[in-house]
Every structure is written in structure tokens, then in C-alpha cells.
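Chemist: Generate coordinates for the sequence data below:
(chains A and B)
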Amino acid sequence: MTIRDLTRRDFLKTTGAITAAAALGGLPTDLFASGPRMATFPEKRELILMTSRPPQLETPMHIFKELITPNDALFVRWHLANIPTYVDMKEWRLKIGGNVEKELQLSMDDLKGYEKISYTAVIQCAGNSRSFFEPRVAGGQWGHGAMGNVTWTGVRLKDIMQKAGIKAGSVDLAFNGLDSAPLPKVPDFVKSLPVDKALEDDIMVAFEMNGKPLTMLNGFPARLIVPGWYATYWVKSLSDITVTTKVFEEFWMKPAYRIPDNDCGCVPPGATPKKTVPINKMTTRSFVINPSDGTTLSKGKLIELMGIAFSGGHSIRDVIVSVDGGKTWGEAKLGQDKGKYSWIQWFYPWKPEMTGSYTIMCRATNAIGDSQAIEKLWNPAGYLLNSVEKITITIS
Amino acid sequence: MKQILMIAAIIIVMTAGLASSGPGDSIKSIDLPDVKTVLADGPGKDTSEKFCNLCHSLDYITMQPRFSRVQWTGTVNKMIKTFGAPISDEDAKVIINYLATAYGNGK
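Modeler: You can find the predicted model right below:
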């Protein structure tokens, strides 16, 4: 019996009970050669299990055939074991404090009183694709599925901060959520943005994903959205915003979540960067989604190669595709444009006339000319990976 | 067919019920599943399971690639020095030996 069967059976067995027990006990992960470990968490379909406490769940690649990632399929990433599992909206408040004219304590109704905004944006974990680093690095061993494309609805952070009134001499906005540390010395998960960044028009306090309240595991009741930047800043279950008069440099800003301070954010494999900066904008990426890696298809039949492309807040200018391992390239047709923060689908019809093994690659370039290298970059924390992806299929 | 749809609908409603609350209710709560990870056999397994399970599940260990002794030493030290894991020098040695063997790359 595979673990997948176990999970599914247990899930069915306990559906309707209070706990959906995905008991996976008794086997070391070394034995999971038959495929990834899967688990079903509340408000989620069966996803790839990274860790259970705190929950970290990855989306299987086939989900990305859809332009919008369904709420129950979106990845989950928490840092500290005490995650919110219970929120009483009568009690919940978003508190704004620190170097402001007027402290605020906003209920959800107060929050919804601000002008509503909505856009589609890629959410991607800073550690997405870490398991593809060479040499490997410690941290969450994500495949490519710590990402998704979601339509977020909420209000502008700028509007809230205008009400509070940011005082002169302010430097950063620090964001804290309802999660807390399991032992006293573990640093609380607090992230910050420089004031100028935080007050950009598109920074959102979101309370809906794809038209529904946020799922608990994706940050109910409200989370920060920093479109174009890695999701480490998109603080979930937001509870406190504090305006600081000094650069905010607690653990999760420094030394955690840093990249080498140079153009590529990279160093030679194994090297230690001399100087680092907080990770920020996402790199340009593209993926082949259909067919999936390792598929066998038949000769002479039209195949609709399909994939996705996105970058850190700039639209995608073009995507080129190679079906011969990078020797020749052709331009793909781009799908519906849902704005500069969304991913865009690409399509490339192709009729293979000869049997054999084919390496299919895609490469995106964004509106300001940023693209993807063939060679993988490297840095000690396993961030920013955006080299050209390839899949191999067989034509028989 | 209708019956199948009905059953499907019931399952969906019940699944949703695991997480959310009825309309008008101000409380939302979820129950997390109890997922167990057991480490590979070997000397030091019990000590590792005892301490490395305090702040997070053991799959933090099992998901890592196979690391060298130096790398595992770095990780264990990070847990102690940065995160305040209450592990004595003696126990740390036992854990490092265990990890370097059971989850090591031989280097």
C-alpha cells in the first residue's frame, strides 16, 4: 500500500469527524520512493506534505494548468508551530501603532469601510524550487509548487496608514500576525517593509482570495499582499502594524531571508556572500505545465504545449519555446492578460513527426528585459532560482 | 446519478464543516490533522526524536537532502544558539552522530 492510499483511506474514514486524520505514521520518509507524501488539511484538497507542524503544503504542478489556483489547492507555508486555528471575529482587530499620529484598532467591518481593490497576483514562497539547488541547501525542500496565482481582494495599506498618519522620521513598517513561537527563544515571525515601499498604491491588506474569505491556512482573516515580491512579506493572519523610527532588523529580516547584495543575488556554489540585503522582488520565471515531465505521446498528433510565465511585477513580453533541448526556439502565443502581477499562460502547438525523446524548454522575458539564464544560480539560502526549466517527453 | 451527486454534496458539506462555521457565526476554527513522522532506526534516534520534535515536526529532518557531518552540526547548533533549543552539549553530540549516520551523505 502506498502512502497516498493510506492518506486517502484515512481521509475518507474520518470525513465528517472533527479531525481529518492523515495518519502517516510508522515509515521514515526514505521509504516514500513511490511518490511524494500527501496529506489533507482543513479547507485543502490533498496536497504534497512538506511538514505537518507547522503545516507546509505544496501544490502539485498539474494544478497550474488553471489560470487561477483554486483556494483549496494553494500552497501553505508557516514558520512557527503555534499557528492560528481559531479566530473570533468579534475579538479580532488589526492594530496600527508605533510612530503614528493616531493608533487604530480596526475590526473587519472597519477594514471593509475603506475603498475595495482587487487584482490577480502570483504568490510565491521565497524558498520555492529550493530542492533543485546544486549543491543542495538546508531549508524547506520545495519543488516548484510553492506558488500560485490568486485574485486578491482587500483595501490599500496606504489608505489605512493615511488614517493613522505616519509621523516624520519613520523608517519601516513592521507586520506581525497571530502565529507565535513554540518556545520563548524562537523569534516571533515579524516582517518589515521600508515606508516608501509600504505606501505604494498596490500594497493590499486582503481579506478575500478568489472571492472567498481567506482560508485559515492561507492567513484568515486578513493578510498583507506585496505583489511582485516574494510571499515572505505577505504576513498572514495580520494583527499588528508598527511604524518604526529605526531599520527593523529582527531575526526574520536579518539574518533570515537575505540574498547576496549583487545583481544576480548569487555567489559561486558553496561561497558565503560578503554583503546581503533582504530578499525582495521575484525573478522572471516560466514553466512547461502540459504535458507533464516524463509523459509518452504519439507521433504525428498535434500537442498543445502549454505553460505559465511571470515576473516580479512586470508584464511578460514574450515566451520562447524549444522542443530540441535549446538548439532552436520559437515564440509562444500568450493567453489572457490579467495584469502585470498575474502569471500569463503560453501556448505552443507542436506536431512531432519523429519518435524519440524530446527535451522541451521555455524562457520568458519581461517588459524591462529581465529573462532567465540556462545555468542555475546559487546562494546559501536557496532563493531566486529562475533558470530555464526543461521537461523530457517520449514520442512513440 | 442523483444519489451519487447527493453523496458528493454531503461529503463536500461535511469537509467544509471541518473548517468553517455557519453564516452569522463570528468564530472560525479548524482542527489540524495529527500526522506522525518517525525517524530512521539507529543509535541516538530516541534522543533526536525527543528534542527535535519540540518546536516542529520531525519531517523538518526527513525532508532534508543527505548532509555532511559539518552541515548537520551547523543545523543542530543553529537550533540551539539561534532558536534556544534546550539541548545539552552531550545530547547535541548524540544527535549530530545520529543525523550524520542516519541522514548523512558519508562525508
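
Chemist: Next one, pLDDT for the residue in the stretch 101-250 of chain A that chain B sits nearest to please.
Modeler: Per CB to the nearest CB, A:Lys185 is where the stretch 101-250 of chain A lies closest to chain B, at 2.4 Å. For glycine as for every other residue, the C-beta is placed from the backbone atoms N, C-alpha and C. Per-residue pLDDT puts A:Lys185 at 97.

Chemist: what ranges do the helices span in chain B?
Modeler: B:2-17, B:45-51, B:59-62, B:69-81, B:89-102 (DSSP state H).

Chemist: burial count for A:Gly113?
Modeler: 13 (other CB atoms under 10 Å in any protein chain shown).

Chemist: how close does it get to A:Gly97?
Modeler: 19 Å (CB to CB, to the nearest Å).

Chemist: hang on, the earlier thing: against A:Met253, how distant is the residue of the stretch 101-250 of chain A closest to chain B?
Modeler: Taking CB to CB, one finds A:Lys185 at 18 Å from A:Met253.

Chemist: So which of the two has more stuff around it?
Modeler: More neighbours surround A:Met253 than the other of A:Lys185 and A:Met253, with 22 against 13 (other CB under 10 Å).

Chemist: so which strand or helix has that one?
Modeler: Of the helices and strands defined by DSSP states H and E, none includes A:Met253.

Chemist: Touching, it and A:Pro278? I think so.
Modeler: Yes: with contacts counted by CB atoms under 8 Å, A:Met253 reaches A:Pro278, the gap being 5.8 Å.

Chemist: After the worst-scoring helix or strand of chain A on mean pLDDT, which helix or strand is next?
Modeler: For chain A, counting by mean pLDDT, DSSP states H and E, helix A:3-14 ranks last in confidence among helices and strands (a mean of 35). Going down the chain from helix A:3-14, the next helix or strand is strand A:38-40, by DSSP H and E.

Chemist: picking that back up, can you pull the phi/psi pair for the residue of the stretch 101-250 of chain A closest to chain B?
Modeler: Backbone torsions for A:Lys185, taken as degrees, to the nearest 10, come to phi -90, psi -10.

Chemist: cool, and the one 5 residues further on?
Modeler: The phi and psi values for A:Val190, taken as degrees, to the nearest 10, are phi -130, psi 130.

Chemist: Domains in chain A, by residue range?
Modeler: A:8-77, A:94-278, A:285-395 (automatic domain parsing).

Chemist: Name the residue of chain B with the shortest distance to chain A.
Modeler: For chain B, CB to the nearest CB, closest residue to chain A: B:Gly84, 2.4 Å.

Chemist: Skipping adjacent residues, who's closest to that residue in space?
Modeler: A:Lys185 (2.4 Å; CB to CB, 6 or more residues apart in numbering or on different chains).

Chemist: per-residue pLDDT, the residue nearest in space to the middle of chain B?
Modeler: When CA atoms, centre = their mean is applied to chain B, the residue found nearest the centroid is B:Ser57 (2.1 Å). B:Ser57 is assigned a pLDDT of 98 by the prediction.

Chemist: so how far is B:Gln71 from it?
Modeler: In this view, B:Ser57 and B:Gln71 are 20 Å apart by CB to CB.

Chemist: In stretch A:103-114, which residues are buried?
Modeler: A:Leu104, A:Leu106, A:Met108, A:Leu111, A:Tyr114 (16 or more other CB atoms under 10 Å in any protein chain shown).

Chemist: whoops, I mixed them up, stretch A:185-194
Modeler: So stretch A:185-194, judged by 16+ other CB under 10 Å, has buried residues A:Val186, A:Pro187, A:Phe189, A:Val190, A:Lys191, A:Ser192, A:Leu193.

Chemist: What lies in contact with it?
Modeler: Stretch A:185-194 is contacted by residues A:79-80, A:171-177, A:179-181, A:203, A:226, A:232-233, A:235, A:244, A:248, A:250-253, A:257, B:55, B:83-84 when judged by CB atoms under 8 Å, 6 or more residues apart in numbering or on different chains.

Chemist: what ranges do the strands span in the stretch 251-396 of chain A?
Modeler: A:258-260, A:276-278, A:285-290, A:296-297, A:303-310, A:316-322, A:330-331, A:333-334, A:344-350, A:356-366, A:389-395 (DSSP state E, counting those that start in this stretch).

Chemist: Please render those as a markdown table that adds distance to A:Arg37 to the earlier fields.
Modeler: What follows is the strands of the stretch 251-396 of chain A, written out as a markdown table (distance: least, CB to CB, whole Å):
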| stretch | distance to A:Arg37 |
| --- | --- |
| strand A:258-260 | 29 |
| strand A:276-278 | 32 |
| strand A:285-290 | 22 |
| strand A:296-297 | 26 |
| strand A:303-310 | 25 |
| strand A:316-322 | 33 |
| strand A:330-331 | 38 |
| strand A:333-334 | 36 |
| strand A:344-350 | 29 |
| strand A:356-366 | 28 |
| strand A:389-395 | 23 |
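
Chemist: Redo the ones you listed as JSON lines? Include mean neighbour count, mean pLDDT and distance to A:Ala121.
Modeler: Formatted as JSON lines, these follow (neighbours: other CB atoms under 10 Å in any protein chain shown; pLDDT from 0 to 100; distance: least, CB to CB, whole Å):
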{"stretch": "strand A:258-260", "mean neighbour count": "21", "mean pLDDT": "98", "distance to A:Ala121": "21"}
{"stretch": "strand A:276-278", "mean neighbour count": "18", "mean pLDDT": "98", "distance to A:Ala121": "20"}
{"stretch": "strand A:285-290", "mean neighbour count": "23", "mean pLDDT": "98", "distance to A:Ala121": "14"}
{"stretch": "strand A:296-297", "mean neighbour count": "12", "mean pLDDT": "97", "distance to A:Ala121": "33"}
{"stretch": "strand A:303-310", "mean neighbour count": "22", "mean pLDDT": "98", "distance to A:Ala121": "9"}
{"stretch": "strand A:316-322", "mean neighbour count": "20", "mean pLDDT": "98", "distance to A:Ala121": "14"}
{"stretch": "strand A:330-331", "mean neighbour count": "10", "mean pLDDT": "98", "distance to A:Ala121": "25"}
{"stretch": "strand A:333-334", "mean neighbour count": "14", "mean pLDDT": "98", "distance to A:Ala121": "18"}
{"stretch": "strand A:344-350", "mean neighbour count": "19", "mean pLDDT": "98", "distance to A:Ala121": "12"}
{"stretch": "strand A:356-366", "mean neighbour count": "20", "mean pLDDT": "98", "distance to A:Ala121": "15"}
{"stretch": "strand A:389-395", "mean neighbour count": "17", "mean pLDDT": "97", "distance to A:Ala121": "21"}
